[in-house]
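In: the following block contains a protein sequence and its predicted model.
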Amino acid sequence: MSKEIRSFSEERAMPQVVDTESRTIEGYAVVFEKESRVLFDKSKKRFFVEVIKRGAVTNEDLKGWDIKALAEHDSSRLLARSVNGKGSLTLSVDDYGVKYRFEAPHTADGDTVLELVKRGDLFGSSFAYIALDRNIKYERKADGTLHREVAKILRMFDISIVSDPAFFGTDVQARSLESYFEDEAPDENFKRDKEELQSLIKPIIV
C-alpha cells in the first residue's frame, strides 16, 4: 500500500476564483463515478482505468484527517489546511465528489496560485491518497479494459492545484511507454495489457 495521486481537469473539478475581487478558490479534488485515463501500476505491472466510487470519502472521514492544500503537490508550497475538519481549508462531500474551498493566502505562493488560476494557467485539481487492497476491486471488461474500483479511501493526505493534470496519477505516457517493458520478462497478462494500451492511451476523461 503506497500513496497514490489522481487528478481531474473536467470543468466542475477545475480550480476557480469565486469572483474577480475575491481570493477564494474552489474546485473538486475528487470526482466520483468517473473513469480515469489509462494508468499504470508499476508494482503489479498492469494498466488499468480507475473509478473512485461514491461513498469512498464521507464528511465524517474529512473530520478525522489532516489534509493540506498545496501547489503542485509540493509540501513547501502550503496554501491552506484542514485538521480534523477545521482550519483554513474547507472540504465537503456531495454527490459529485469532494469539494474544496480556501482563501489564497497573502504569500508568494498564494498570490501566484491566485493569479494563475484567474488566467487559466492552473486548471487541474488533484489529491493524494491511500486505500486498502480489500477496498479495491479489479474487473476485466468486455472490451478488454482492466477496471479498478476504489470503494473506500483509507486516508487523503493533500489536495493540490496543478498545472499539468495529465501527468499526475500516471507513471506512463505514450512517448515513454517502451521504457516500462525493458526490465524483467512480463507475464502473459502484462503482455496482453501492453497490446491493449496501444489503442487505449488517449485522454478518456479527467
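Out: In hand now; what should we look at? Numbering: from 1, shown residues only.
In: buried stuff in the longest strand anywhere in the chain?
Out: Looking across the chain with DSSP state E, the single longest strand is strand 74-83. Across strand 74-83, burial judged by 16 or more other C-beta atoms under 10 Å covers 77, 78, 79, 80, 81, 82. The way it works is simple: take the backbone N, C-alpha and C, and place the C-beta from them, glycine included.
In: quick one: name whatever helix or strand follows it.
Out: Per DSSP states H and E, the first helix or strand lying C-terminal to strand 74-83 is strand 86-87.
In: and that next one, average pLDDT?
Out: For strand 86-87, mean pLDDT is 97.
In: that one pairs with which strands, and in what direction?
Out: Here strand 86-87 has these sheet partners by DSSP bridges: strand 74-83 (antiparallel).
In: just the CA trace of the strand it pairs with, in PDB.
Out: Output in PDB follows, covering the C-alpha atoms of strand 74-83 (Å, rounded to 0.1, in the frame of the first residue of the first chain):
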ATOM      1  CA  ASP A  74       4.800  20.500  -3.100                       C
ATOM      2  CA  SER A  75       4.600  20.300   0.700                       C
ATOM      3  CA  SER A  76       6.700  23.500   0.900                       C
ATOM      4  CA  ARG A  77       4.000  25.400  -1.000                       C
ATOM      5  CA  LEU A  78       1.200  25.300   1.500                       C
ATOM      6  CA  LEU A  79      -2.000  27.200   0.700                       C
ATOM      7  CA  ALA A  80      -4.400  26.100   3.300                       C
ATOM      8  CA  ARG A  81      -5.000  23.200   5.800                       C
ATOM      9  CA  SER A  82      -7.900  21.300   7.400                       C
ATOM     10  CA  VAL A  83      -7.100  19.500  10.600                       C
END
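In: off-centre distance for that strand?
Out: Taking C-alpha atoms, centre = their mean, to the nearest Å, one finds the center of strand 74-83 at 16 Å from the center of the full chain.
In: avg pLDDT for that strand?
Out: Averaging pLDDT along strand 74-83 gives 97.
In: kindly report the same for stretch 127-138.
Out: 93.
In: ditto for stretch 46-61
Out: 93.
In: quote the end-to-end distance of it.
Out: In stretch 46-61, first residue to last residue: 30 Å (C-alpha to C-alpha, to the nearest Å).
In: centre of the chain to that stretch, how far?
Out: Counting by C-alpha atoms, centre = their mean, stretch 46-61 comes out at 10 Å from the chain centroid.
In: now do residue 120 against residue 65, distance only.
Out: 30 Å (C-beta to C-beta, to the nearest Å).
In: residues contacting the closest residue to residue 105 other than its chain neighbours?
Out: Of all residues not flanking residue 105 in the chain, residue 79 sits nearest, at 6.3 Å (C-beta to C-beta, 6 or more residues apart in numbering). By C-beta atoms under 8 Å, 6 or more residues apart in numbering, the contact list for residue 79 reads 68, 69, 70, 71, 89, 102, 104, 105, 109, 110, 113, 161.
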